[in-house]
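1. mind folding the following:
(2 chains)
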Amino acid sequence: MILRRLAVSVVMLTAVSALIFVVLRLLPGDPVITRLGATPGISPATIAQLRKDAGLDDPIVVQYLSWMGGVLHGDFGRSYFNQYSVTQLIGQRLPTTIELTILSMIIAVVLAVPAALLTARRPGGVLDRALTTLSSAGMALPNFIVGVLLIVIFAVKWSVLPSRGFIPIGESLGGNLRSMLLPSLTLAIAAAPLLLRFLRASLLEVLTAPFIRTARGKGASDARVLLLHAFRNALIPAVTMLGLIVGYTLGGAVIIEYIFGLPGLGSLAVDSVTKRDYAVLQSCVLLISAMFILTTLVVDIVTGILDPRLRTGRGRG
Amino acid sequence: MAETTTVAIQAAPRRGRPRDVVAFAAAAILAVICLGCIFAPVLAPYDPTELSPNRFAGPGWAHLLGTDELGRDLLSRIMYAGRTTIEIAGGATLVAMLLGLLWGLGAAFARGVVDDILMRLADVTMAVPQMLLALVFVAGFGASPVKLAVIVGVLLTPVTARMIRSAVLAEKAADYYLSAVACGMTRRRLVITEILPNVWAPVGVQAAINVASAVILEASLSFIGLGIQDPDISWGLLVQWGYQKLSRSLGYVAFPALAILITIWMLNLLADQLGRTDGRRSS
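-> Next up is the predicted model:
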């Protein structure tokens, strides 16, 4: 089952890379011209030479294969803009994005799990209604507005946390976490409501199962039933959801890194759009998509281990 | 906004009418926002480009929501900016619904290999986070309002197609559909007279969700400077400008953000209520 799932992921990644590549190549706009900008006095011969050096004259299939061949060896090519190695550029940026994603997932889980348990204790109660309304408001908040809001509160009004600027983890762990706190919180505020809603629904469903009645019949306390019996079983569908939420978070990271001035893949992607640096853009998008596909793969494998029923189910489908 | 919150809290657990109140309130608020923006040339208190020496004014009687860095009336600017936002969100939703309907219906009726190919294609596009795919398209095509509407519409299409396919498949399994097939109806007639009238609720829900997603995508792109460009204005762009002038005026960033927020919240509420109505019908 794991092998099969692995194969699907590889096919997916290949298809995604082809999609990104084709879209970027079929579009108008010449990266070489963009790079030279308005520099006067450049002969057509120079432009032709530059195009050739960048490999832009080759047939699209050859260009694609040479890009993919490089990627497989860890070589993402060179930036059209300044000839830097894309691998290096990305290598510097990748850890920030990964850290941001992990931190926001941790905060989201810390916020959503207790909230879901509280709402499931008394569905329809005051707490349940308040948290449900709060989560629907949270879902209506676009990422960048949450970011701006948090900056206004924590950086401008109270000045307790920095609004921009990034401190590398190697320099100071505390400083790094301080600079990452607001961005991760922003992303967590978007992710937590989704997780809360899903976990709540899944808990309520599990709570109607016969084994819960049995546990109650044997005299287990409400808290024990909820935590030990229901929660464990409600987790599996919620873990599946987590994979999807990581996807949203990676998309949101693009905006959040930009707002908070974090040197991650997302802000690199935004930069490369402004500069029309397709070589960097395509690799950024591919890498972030790969992270998403990898997460779903891991999530599927983990849920398969947690719940053997899912394995046979997938085998047939 | 406070009003609707209380309504939502009370309405959620009950059955029957109160829900319609929520849906009605949400629709009414959306209608006010839409009409206010569409008829901005008639309704706006000022010309959105009219300068005045009264810079960074707070909310007051002369300028209900205050003014920006050039003394332009913020309420008028938000109303005019809303027109761009509505144009893009509306256009994008139209594109997404039309393409999604074709894609979803095609997959549901073709079944077999064609269905597989169409749905795997949707999977692949959905494996790239929407915002990043948006960057790829914007990088290539640029970002005039019309292009943005098409780009955002295309981005929303795969999700829409998936949803429509599953709604159509559910109807195709129903007895009434089988009897229609048994009556020898042509495929076109089956789609028009049997399927479409019965999937309007999930399609409506999806449309509401699409409008909300389109507003968010457009605002996000404009906020990071890759969407609507000066001299055009949209809500996302206003938030960006307000954000840059944060130290001078809080309202400049807050009011456009609030416009986006209320719009999306109401759309979500409306989609929720529509979805529940549908659930009641089928059960």
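
2. got the contact list for stretch B:31-48?
-> Outside stretch B:31-48, the residues that touch it by Cβ atoms under 8 Å, 6 or more residues apart in numbering or on different chains are B:63-64, B:72-73, B:75-77, B:79-83, B:85-86, B:233, B:259, B:262-263, B:266. All C-beta spots, glycine's among them, are computed from the backbone N, C-alpha and C.

3. so how far is A:Ala18 from A:Val61?
-> Using Cβ to Cβ, to the nearest Å, one obtains 10 Å as the distance from A:Val61 to A:Ala18.

4. an error on my part: the question was meant for B:Pro256.
-> With distances defined as Cβ to Cβ, the gap from B:Pro256 to A:Ala18 amounts to 39 Å.

5. those two: who's more crowded?
-> Relative neighbour count places B:Pro256 above the other of B:Pro256 and A:Ala18, with 30 against 13, counting by other Cβ atoms under 10 Å in any protein chain shown.

6. same question for the helix or strand in which B:Leu75 is found, mean pLDDT?
-> Using DSSP states H and E, the element containing B:Leu75 is helix B:74-110. When pLDDT is averaged along helix B:74-110, the result is 94.

7. what do you get for stretch A:92-106?
-> Confidence for stretch A:92-106, expressed as mean pLDDT, is 93.

8. can you give the distance of it from its chain's centre?
-> The chain centroid and the centroid of stretch A:92-106 are separated by 9 Å under Cα atoms, centre = their mean, to the nearest Å.

9. can you check stretch B:230-243 too?
-> Between the mean C-alpha position of stretch B:230-243 and that of its chain there is a distance of 18 Å (Cα atoms, centre = their mean).

10. buried residues, it. List them.
-> B:232-243 (16 or more other Cβ atoms under 10 Å in any protein chain shown).

11. could you check how many residues crowd around residue 197?
-> Unless you meant another one, I'm taking chain A. For A:Arg197, the tally of surrounding residues (other Cβ under 10 Å) stands at 20.

12. wait, chain B
-> Using other Cβ under 10 Å as the criterion, the residues surrounding B:Pro197 number 9.

13. need the CA coordinates for stretch A:112-122. PDB is fine.
-> This file holds the C-alpha atoms of stretch A:112-122, laid out as PDB (Å, rounded to 0.1, in the frame of the first residue of the first chain):
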ATOM      1  CA  ALA A 112      -7.800  23.700  18.200                       C
ATOM      2  CA  VAL A 113      -7.600  20.500  20.200                       C
ATOM      3  CA  PRO A 114      -8.600  21.800  23.700                       C
ATOM      4  CA  ALA A 115     -11.200  24.000  22.000                       C
ATOM      5  CA  ALA A 116     -12.700  21.000  20.200                       C
ATOM      6  CA  LEU A 117     -12.700  18.900  23.400                       C
ATOM      7  CA  LEU A 118     -14.500  21.800  25.200                       C
ATOM      8  CA  THR A 119     -17.100  22.200  22.400                       C
ATOM      9  CA  ALA A 120     -17.700  18.500  22.200                       C
ATOM     10  CA  ARG A 121     -18.300  18.200  26.000                       C
ATOM     11  CA  ARG A 122     -21.600  20.100  25.700                       C
END
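
14. touching that stretch from outside, list them.
-> Surrounding stretch A:112-122, the residues in contact under the criterion Cβ under 8 Å, 6+ apart are A:127-128, A:131-132, A:135, A:191-193, A:195-196, A:199-200, A:203-204, A:207, A:222, A:226-227, A:230-231.

15. show me the contacts for the residue of the stretch 151-300 of chain A found nearest chain B.
-> Closest approach between the stretch 151-300 of chain A and chain B, counting by Cβ to the nearest Cβ: A:Gly251, at 3.2 Å. If a contact means Cβ under 8 Å, 6+ apart, then A:Gly251 has B:129-132 as its contacts.
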